[in-house]
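With the sequence up front, the predicted model follows.
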Amino acid sequence: MTDAALPLFGGPDDAGEPSVDESFASAYRVSLDEHSWIEHVPGLLRGADAVFEELHALEEWEQRDRWMYTRRVDEPRLTAEFPDLAEAPAVLQTVARALSAHYGVTYDRLWLNLYRDHRDSTGWHGDGATALKRSSIVPVLSLGAARRFLVRPTQGGMSSTWHPLAGDLIVMGGRCQTDWRHCVPKQSAPSGPRISVNFAASSQARPDSPEPATRRATNRFHRDGSMEAGPTW
Ligand SMILES: O=C(O)CCC(=O)C(=O)O
Ligand SMILES: [Fe+2]
């Protein structure tokens, strides 16, 4: 599908009261390799237009910048962060609870990206800072305009493309954050604004504990047969 063929706004169920399809009946999973997968859940959130409007009006949107070689440059999008889920808009708390119940991961913080138009983007990256576990489950909800979501191996190679519409969920699972990279590229065809809601879990932000090292005790044995326990390492 070319950029121009993407609808500017999403599927047929966007209007009306927001609600989450807790059955996840539309979900389909694609294996990237034996360790990693992407799941697409079309229409997880019904009434996505109203949610988009509510989130678009948030005061939390900020322009972040980052070092690029020798100078600071604005990121090509706006960001709103809710480090405490309890402070996030109620509808997103509802979505987070549904995701936690379904995927067995407690999502307790969120950040949102606002792509103001087709020129905004997110470059190739893994969510290393928020998903440090070797294996993780990272859901991203799309609202507003349809944009392409690309995934490719960290080592380089062919990319695969998903087309999440408003209300759709894309879930990156397994080793997606280490062995794979994802991005939302700029596009040439004009598009309206899009918001993505990224669900993060503090449980996934802690690295796996290292494999238990073979412990060797440095005990000292005395001539009288007694033993002094030394430190283990
Ligand atoms: O906007 C998206 O769909 C993805 C955003 C993303 O990957 C991120 O913010 O880490
Ligand atoms: Fe990401």
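On my side now, so go ahead. Numbers count the residues shown, from 1 in each chain. Ligands and ions are numbered 1, 2, ... in the order given.

Mind checking what secondary structure Ala50 has?
Using DSSP: H, G, I helix; E, B strand; the rest coil, the structure places Ala50 in helix.

And for it, the neighbour number?
Around Ala50 there are 16 other residues, counting by other CB atoms under 10 Å. Placement of C-beta: from N, CA and C, glycine included.

how about the nearest residue to it, chain neighbours excluded?
Among residues not flanking Ala50 along the chain, Pro18 sits closest, at 5.7 Å (CB to CB, 6 or more residues apart in numbering).

Same check on Ala48?
Among residues not flanking Ala48 along the chain, Gly167 sits closest, at 3.5 Å (CB to CB, 6+ apart).

Before we move on, what's the pLDDT of that neighbour?
Per-residue confidence (pLDDT) for Gly167: 98.

Now do stretch 49-63, average pLDDT.
For stretch 49-63, the mean pLDDT works out to 98.

Tell me where the model's unsure across the chain.
Scanning the chain for pLDDT under 70 picks out 1-13, 15, 211-233.

Go through it and flag its longest strand.
Longest strand of the chain, by residue count under DSSP state E: strand 71-82.

Quick check: longest helix in this protein by residues?
Counting residues, the longest helix found in the chain (DSSP state H) is helix 90-103.

before we move on, back to that, unless I'm mixing things up, the residue nearest to Ala50 is touching Leu44, no?
No - judged on CB atoms under 8 Å, Pro18 makes no contact with Leu44 at a distance of 11.0 Å.

Show me which of the two is the more surrounded one.
Legend: neighbour count by other CB under 10 Å for Pro18 and Leu44, higher for Leu44 (29 against 20).

Was I right to think Val140 contacts Met172?
Yes - using CB under 8 Å, Val140 is in contact with Met172, at 7.5 Å.

So those two - more neighbours on which side?
Neighbours per residue (other CB under 10 Å) separate Val140 from Met172, with Met172 holding more: 24 against 19.

what's Phe82 in contact with, if anything?
60, 88, 92, 109-112 (CB atoms under 8 Å, 6 or more residues apart in numbering).

same thing but at 7 Å, please
Contacts for Phe82 (CB atoms under 7 Å, 6 or more residues apart in numbering) come out as 88, 109-110.

give me the number of residues near the nearest residue to Val20 once chain neighbours are set aside?
Once flanking residues are discounted, Val20 sits nearest to Ala98: 4.5 Å by CB to CB, 6+ apart. Close neighbours of Ala98, defined as other CB under 10 Å, add up to 20.

close enough to count as contact, Ala98 and Asp21?
No - at 8.6 Å, Ala98 and Asp21 do not qualify as touching, with contact defined as CB atoms under 7 Å.

Show me what residue of this structure gets nearest to ligand 1.
Relative to ligand 1, the nearest point of the chain is Ser196 (3.1 Å; CB to the nearest ligand atom).

Secondary structure element for that residue, which one?
Element membership of Ser196, judged by DSSP states H and E, is strand 194-200.

Which strands or helices does that strand pack on?
Counting contacts by 3 or more CB pairs under 7 Å, 6 or more residues apart in numbering; DSSP states H and E, strand 194-200 packs against helix 48-56, helix 90-103, strand 109-115, strand 136-144.

roughly how far is the third one from the heart of the chain?
The gap between the average C-alpha position of strand 109-115 and the chain average comes to 9 Å, counting by CA atoms, centre = their mean, to the nearest Å.

what does the last one give?
Computed by CA atoms, centre = their mean, the chain-centroid distance of strand 136-144 equals 5 Å.

Met158 - that's part of a strand, no?
No - Met158 sits outside any strand when classified using three-state DSSP, being coil.
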